[in-house]
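Asker: Predicted structure and sequence below. I'll ask about it afterward.
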Amino acid sequence: MIGIGCDHGGYALKQEIIKYLEEKKVPYKDFGCDSEQSVDYPVYAKKVANAVLDGTCEKGILICGTGIGISITANKIKGIRCALCHDCFSAQATREHNDANILAMGGRIVGPGLAVKIVDTFLNTAFSNDERHIRRINMIEE
Ligand code: RB5
């Protein structure tokens, strides 16, 4: 199950990503928001982050205007490794090296064509399980 959430700045892109997840038959849970009416991104960052932490969702996707505010919020929560990615190389590297559990993007930064490729890369790249990466991830939490 993939948790997805956004603010008003990410709403349009979230709809495109949901369309893509449905096409690919990827199960998802939409944590809002539900329109382009102005809302506060921390609310949605916390909903998705908590769903990842409690195991309801295996990974999360968060979108605001830039991806910055929503990723900063998610990364304040212990156990969350939220990666702001606007290219496929970063999405692949953050899964392999950081075992990132949430992908963040900016709906005002990236178009839907690239965004779905970033999502696809993020969801389909496994963590490397290399000892050095495990060690560094453990150090984040210390
Ligand atoms: C909302 O206008 C905007 O500030 C928000 O979507 C995001 O970009 C914050 O980092």
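Answerer: Ah, there it is.

Asker: CA atoms for contacts and neighbours, from now on please.
Answerer: Fine.

Asker: what does the strand or helix carrying V48 contact?
Answerer: Secondary-structure assignment from DSSP states H and E places V48 in helix 41-53. Under the criterion C-alpha atoms under 8 Å, 6 or more residues apart in numbering, residues 3-7, 31-33, 57-62, 64, 69-71, 73-74, 77, 79-80, 101-102 lie in contact with helix 41-53.

Asker: Quick one: mark the members of those residues that sit in helices.
Answerer: Judged by DSSP state H, the contacts of helix 41-53 include 69-71, 73-74 as members of helices.

Asker: what angle sits between the helix holding V48 and helix 68-75?
Answerer: 40 degrees (axes from the mean of the first three to the mean of the last three C-alpha atoms, to 10 degrees).

Asker: And the ligand, is helix 41-53 touching that?
Answerer: No: Helix 41-53 is not in contact with the ligand by C-alpha under 6 Å from any ligand atom; minimum separation 6.6 Å.

Asker: For that helix, list every residue counted as buried.
Answerer: 41-53 (16 or more other C-alpha atoms under 10 Å).

Asker: who in the protein is up against the ligand?
Answerer: So far as C-alpha under 6 Å from any ligand atom goes, the chain lies against the ligand at 7, 9, 64-69.

Asker: and of these, the nearest to R95?
Answerer: G67 (17.6 Å; C-alpha to C-alpha).

Asker: in this structure, which spans are strands?
Answerer: For the chain, the strands defined by DSSP state E cover 2-6, 28-30, 59-64, 82-84, 102-106.

Asker: Reformat these into TSV and put mean neighbour count and mean pLDDT next to each item.
Answerer: Listed next are those as TSV, based on neighbours: other C-alpha atoms under 10 Å; pLDDT from 0 to 100:
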stretch	mean neighbour count	mean pLDDT
strand 2-6	28	99
strand 28-30	17	98
strand 59-64	28	99
strand 82-84	26	99
strand 102-106	28	99
